[in-house]
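Student: predicted model follows, preceded by the sequence.
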Amino acid sequence: MEIDQKKIQEMIQNGLQYGHRRSKTHPKAAPFILSTKNNIEIINLETTFFKLQEAIAVIKNTLDQKGLILFVAAFPTSKDFIQDIARSLNQPYVLNRWTGGLLTNFKAINERIKYYSDLKQQIETGELSKYTKKEQLDKEKELEKLKIKFEGLTSLTRKPDLIFIVDPGYNKTAVLEAKKSKIPIIAILDNDDDPTLIDYPIPANDSSLSSISWIINEIKSQILTNPTISQV
């Protein structure tokens, strides 16, 4: 595969190349670094380009096989983009704090997800009218609390086949549970993360709005408009 210089220029314009300070660089992230400028690590965008294409091919293959992809982004700058791509691809997502045991104790957590879905349906269909006003109010409050945890997970009927994470350092528990569950991980990660924990790392600025937006939009664009993406 040849490098698309137009894409490289778009990456530069959106700041994908800017890492953290050199002092924060994880030793195993060194192969992704091109240079250092004003004590800021500059990520090699040619590597980013190839790693991104590999990740897109894996996502496409998973979807072609009717697999489930769990999108994870608890950090504020990435929530909207993750929700957008997950909904576009009809996949489950986590936008708030990771629920411990979501993967390692899936059976129990799945029961809570089902309970949330049932409660939501009862409220929407008016089935709770048989309860007192106080009981209805209590149920509505319970629903709001459950919504924060489970709103994006109602389609997660089994363990996912692939997990997509923005900033694995911020989402350590999700990474650990995925590793224990032997579920492959795609992650947008910066120079302060350990890329060896990730099956398909995408080295880039993982905290910049423009950087995350460009990557997510590129993935979504290729997946939705190019049905013949092959494995890299």
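Tutor: Here it is on my side, so go on. Numbering: from 1, shown residues only.

Student: out of the helices and strands in the protein, which is least certain?
Tutor: Using mean pLDDT, DSSP states H and E, helix 133-150 stands out as the lowest-scoring helix or strand of the chain, at a mean of 90.

Student: could you pull out the strands for the protein?
Tutor: 18-21, 33-37, 40-43, 69-72, 93-94, 162-166, 185-189, 200-203 (DSSP state E).

Student: what lines up beside the fifth one in the sheet?
Tutor: Strand 93-94 pairs in its sheet with strand 69-72 (parallel), by DSSP bridges.

Student: from Tyr200, how far out is Ala57?
Tutor: Using CB to CB, to the nearest Å, we find Ala57 at a distance of 9 Å from Tyr200. Heads up, the C-betas are built off the backbone N, CA and C, glycines and all.

Student: more crowded one of the two?
Tutor: Between Ala57 and Tyr200, counted using other CB atoms under 10 Å, the more crowded position is Tyr200 (20 against 16).

Student: which of the strands of the chain sits closest to Leu209?
Tutor: strand 162-166 (11.3 Å; CB to CB).

Student: nearest residue to Asn191 in space, please, no chain neighbours.
Tutor: Spatially, and ignoring its direct neighbours in sequence, Asn191 is nearest to Gly19 (3.8 Å; CB to CB, 6 or more residues apart in numbering).

Student: the one you found touches Asn205, doesn't it?
Tutor: Yes. Taking CB atoms under 8 Å as the definition, Gly19 is a contact partner of Asn205 at 6.8 Å.

Student: quick check: neighbours shared by the two?
Tutor: Both Gly19 and Asn205 are in contact with Ile43, Asp190, where contact means CB atoms under 8 Å, 6 or more residues apart in numbering.

Student: quick one: terminal-to-terminal distance for stretch 172-187?
Tutor: This stretch, stretch 172-187, spans 12 Å end to end (CA to CA, to the nearest Å).
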